[in-house]
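Q: mind looking at a prediction? Sequence and model below.
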Amino acid sequence: MLPTLTVESSPRSINILLYKLLSLRRIEYLTVDRELKIKEISLKVQDFAFHEEVGAGKDVRDSFPELIGIEGLLEDIIEERQQDCQLKSISRVLKDGSYLYLNLYIFGYKGQANADRLIILCEDVTDSIGSQPTIVLTAKKTSIKGDNLAAAGDYIDKIINSLGDVLFVTGTSGQIKKVNQAAQQLFGYTESELIGQSISMITAEEELLRKVSQLPPALKSEYWPQVKVACQTKIGLKVIVAFSCSNFETSTGSKDADREVIQDFVYIGKDITKQQRIKKCQEAQYAVTHILSESTSLDSATPKILQAICQSFGWDFGELWTPAEGEKETRLGEEIKSEKDPLWCLPLCCPIEENPCWRRVAVWQAADEVREFAENDQQIILAAGEGLPGAVSRSGSTQWITDLVGDRNFVRSRLAEEAGLRSGFGFPIHARNQVVGVMTFFCREELPPDQDLLQIIAVVSSQLGEFVKRKYAEKELQEAEASIRFLYEQEKRQSEELARQNLALEQAKLELQAANMELQRLASVDGLTQIPNRRCFDKKLELEWQLMEREKESLSLILCDIDFFKLYNDHYGHQGGDECLKQVAEILASNAQRAGDLAARYGGEEFAVILSRTDVQGAKQIAEAIRRDLKTAAIFHAASKVSKFITLSMGIATTVPAAGLSIEELIGQADRALYRAKLEGRDRILGLDLKIEFQDGKGVFSDDCERS
């Protein structure tokens, strides 16, 4: 059996325990006498002083000016007229400009020979005041001069019990050796009920706490500053406690006798049940809001809401109930065969019966253990006022059942007992001043009413009610639109004949416009090459002639002919010839893109290009570009006598339109130039501009050369 750790038997053990307690909370201490002169200090207490150096014999108010003005209170503590006092959130500005926050805890102590003193504990609370997301605990080695104070057991008790957090000290076997008042108040046990018992009576995660205690200090500070475990109070309530864990070794026996080394574990914890519950409430509210915002119908939203509420609060089973109009009896366990209806098949336009029957239309279960309670998703219909849905509907408010098995109005108590369900609650969904739905939830623990849960459920109920109201409004809008549509149809039938005539007239007009547009297109575009045809060419040339005559600008015309095209047709067939014409037309069109330019099919294998505001040199450049693009296209012509690819012979004519000149003369000039190009060997460009003659580098011919 392990020896008991006491003040009388082991002063060094008390010193080690005090060191552990103070270092875990980052606490330094000092003692002062009645004249407020410093008697003893810990190693790092200077870190908390204002500016003056802390030392024995000095006035403590020089280093801690916060004590000025409360000397009467300090006297009351020494005389035991007051137990203690606390000064919280005191700030210090450090050399680097950052802030240090500390709390002062002051209580009296009667030492040896009745030397009355004050003990002042200084705690670093910078992390908690700054609301840091994680608390990095750094174990600081300090040497506390506590040998003279360790002889007094009440001194240690006052330090331990002054802690606001839960404290447990256990041995290697898990037996509790020491607890403070905060632990007794949280878990509802007295000190005598806890001492000597296993810490497993508080939490089932004893092994996890021990493993964290034995981690290296650096690893524990970085990765395991705290460990959150589920605990249970004396009356069975569940609480979540965040523990800081540590361990230390001590020894028993006198200096002369053999000493036995004992390893103890220190757990300092904070009750975070409320914070965790608030977090779960916020998560549940956010989840419901998110589901409703993304759902287009109640049918799609309901299963997700049941799941979100169950998972957020750890409940095992959820149901949705809607009014079952016309049903008058309870149906449990029997198979009901019917077509699958929507979850929310509510009479939107008619009021619901004052005490309707309730049909279960949707369920969600967390585990197979409650499968029997789900009854294989068969429908259940409860009579008016019966069961939890009936009680919620009748009261119009949330109802909580702590003991399902013992509740006489809960008609499914046998099924709940078989499934292990113990507690449940239900809440109404209001719309149009009536209950249009009820959601019920069950768990396998016996729980008293949870006010935090009920508050969030009230918000969820309101959200669902607003969602249902919106769906009602949408339905009414649809009905109003249907009514307006009916009136419109009546009016429409009265003028039906006139409307038909107008429609027929408009249709005929549209068809005529479409036919005219198609005729214009057919009249202007060559059907094969999809570029302007000869008719469009004639109109465009006449228009540009008149415009250039007014502006005194040059007008050029290029006539093109595919060399040996008949041989191409004979060799590749007419289909191949058609494809060749399309490719050549595309090349010509791509080089006539300016306003006033036009590439057209002139006839057969002949093409024409109108170039507005273009002199003879500009026309030649366009012709050369056409020739280059055609060469790049490399359209094979095995039967050609001048090249193995398709080539063009081109004739250019340029003039400035004026009185005495005509379009026919311009076309004639271009035609003569084309004829010369073909006559002189094809695959060349030849142009005429009044008396100026040119050819593309293969020779120059005079104007008196006649066609043969």
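A: It's in.
Q: any stretches of the stretch 551-700 of the chain with poor pLDDT?
A: 689-700 (pLDDT under 70).
Q: the helices in it, which residues?
A: 565-590, 616-633, 663-679 (DSSP state H, counting those that start in this stretch).
Q: return the most buried member of those.
A: helix 663-679 (a mean of 19; mean count of other CB atoms under 10 Å). Just so you know, the C-beta spots here come from the backbone N, C-alpha and C atoms, and that holds for glycine as well.
Q: between helix 616-633 and it, find me the angle.
A: Compare the direction of helix 663-679 with that of helix 616-633 by axes from the mean of the first three to the mean of the last three CA atoms, to 10 degrees and you get 50 degrees.
Q: need the contact partners of helix 663-679.
A: With CB atoms under 8 Å, 6 or more residues apart in numbering as the test, helix 663-679 has contacts from 541-542, 545, 555, 557-561, 563, 608, 649-653, 655, 684-688, 695, 701, 705, 707-708.
Q: hey, which strand is longest across this protein?
A: strand 238-252 (DSSP state E).
Q: how near is A619 to R485?
A: 66 Å (CB to CB, to the nearest Å).
Q: can you check E40 too?
A: E40 is 93 Å from R485, by CB to CB.
Q: R371 now?
A: In terms of CB to CB, R371 sits 49 Å off from R485.
Q: now stretch 452-465: how far from the chain's centre is it?
A: Averaging C-alpha positions (CA atoms, centre = their mean, to the nearest Å) puts stretch 452-465 23 Å from its chain's average.
Q: run through who's touching it.
A: With CB under 8 Å, 6+ apart, stretch 452-465 has contacts from 274, 277-278, 281, 284-285, 288-289, 292, 305, 309, 313, 398, 400, 425, 427-431, 437, 439.
Q: now swap in stretch 275-287 and tell me
A: 228, 240, 308-309, 312-313, 450, 452-453, 455-456, 459-460.
Q: heading C-terminal from whichever strand or helix holds L320, find the next helix or strand.
A: For L320, the element it lies in under DSSP states H and E is strand 317-324. Using DSSP H and E, the helix or strand that directly follows strand 317-324 along the chain is strand 357-365.
Q: show me what that next one is packed against.
A: Judged by 3 or more CB pairs under 8 Å, 6 or more residues apart in numbering; DSSP states H and E, the packing partners of strand 357-365 are helix 298-313, strand 317-324, helix 371-374, strand 381-382, helix 387-395.
Q: out of these, flag the one nearest S91.
A: Closest to S91 of these is helix 298-313 (CB to CB; 38.8 Å).
Q: what's the angle between that closest one and strand 357-365?
A: 60 degrees.
Q: helix 298-313 - what's its average pLDDT?
A: For helix 298-313, mean pLDDT rounds to 80.
Q: can you list contacts of it?
A: Counting by CB under 8 Å, 6+ apart, 280-281, 283-284, 287-288, 291-292, 295, 315-320, 342-344, 362-364, 366, 439, 441, 450, 453, 457, 460, 464, 467-468, 471 sit against helix 298-313.
Q: out of these, which end up buried?
A: Among those, those buried by neighbour count (16 or more other CB atoms under 10 Å) are 280-281, 284, 287-288, 291-292, 315-320, 343-344, 362-364, 366, 439, 441, 450, 453, 457, 460, 464, 467-468, 471.
Q: so who does I129 touch?
A: 89, 101.
Q: ok, F441 to E417 distance?
A: On the measure of CB to CB, F441 and E417 end up 17 Å apart.
Q: between the helices of the stretch 551-700 of the chain, which one is closest to F50.
A: Here helix 565-590 is closest among these (CB to CB), at 88.5 Å.
Q: any idea which of the contacts of stretch 275-287 is closest to A480?
A: So of those, ranked by how close each gets to A480 (CB to CB), first place is V460, at 30.4 Å.
Q: just to revisit the earlier point, relative to Q513, which of the helices of the stretch 551-700 of the chain is closest?
A: Nearest of the helices of the stretch 551-700 of the chain (CB to CB): helix 565-590, 27.1 Å.
Q: run the angle between that closest one and helix 616-633 for me.
A: Using the same axes, to 10 degrees: helix 565-590 against helix 616-633 is 120 degrees.
Q: from the chain's centroid, how far away is helix 565-590?
A: 61 Å.
Q: point out the most buried one among the helices and strands packed on strand 357-365.
A: It is strand 317-324: most buried of the helices and strands packed on strand 357-365 by mean count of other CB under 10 Å, with a mean of 24.
Q: quick check: mean pLDDT of that one?
A: 86.
Q: neighbouring strands - and their directions - for it?
A: The pairing partners recorded for strand 317-324 under DSSP bridges are strand 357-365 (antiparallel), strand 434-443 (antiparallel).
Q: show me which residues of the longest one are buried.
A: Going by neighbour count (16+ other CB under 10 Å), the buried part of strand 434-443 is 434-443.
Q: and that strand, C-alpha only, in CSV?
A: Output of strand 434-443 as CSV, limited to C-alpha atoms (Å, rounded to 0.1, in the frame of the first residue of the first chain):
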residue,chain,number,x,y,z
GLN,A,434,-51.6,26.7,-36.1
VAL,A,435,-49.3,23.7,-35.6
VAL,A,436,-48.4,22.3,-39.0
GLY,A,437,-45.8,19.9,-37.9
VAL,A,438,-44.0,18.3,-34.9
MET,A,439,-40.4,17.2,-34.7
THR,A,440,-39.5,14.7,-31.9
PHE,A,441,-36.0,13.5,-30.8
PHE,A,442,-34.9,10.6,-28.5
CYS,A,443,-31.6,9.5,-26.8
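Q: coming back round to it: could I get the contacts of stretch 275-287 as TSV with distance to L186?
A: TSV is the format used below for these (distance: CB to CB, whole Å):
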residue	distance to L186
K228	15
I240	11
A308	30
I309	28
S312	24
F313	22
D450	18
D452	18
L453	21
Q455	23
I456	24
V459	29
V460	30
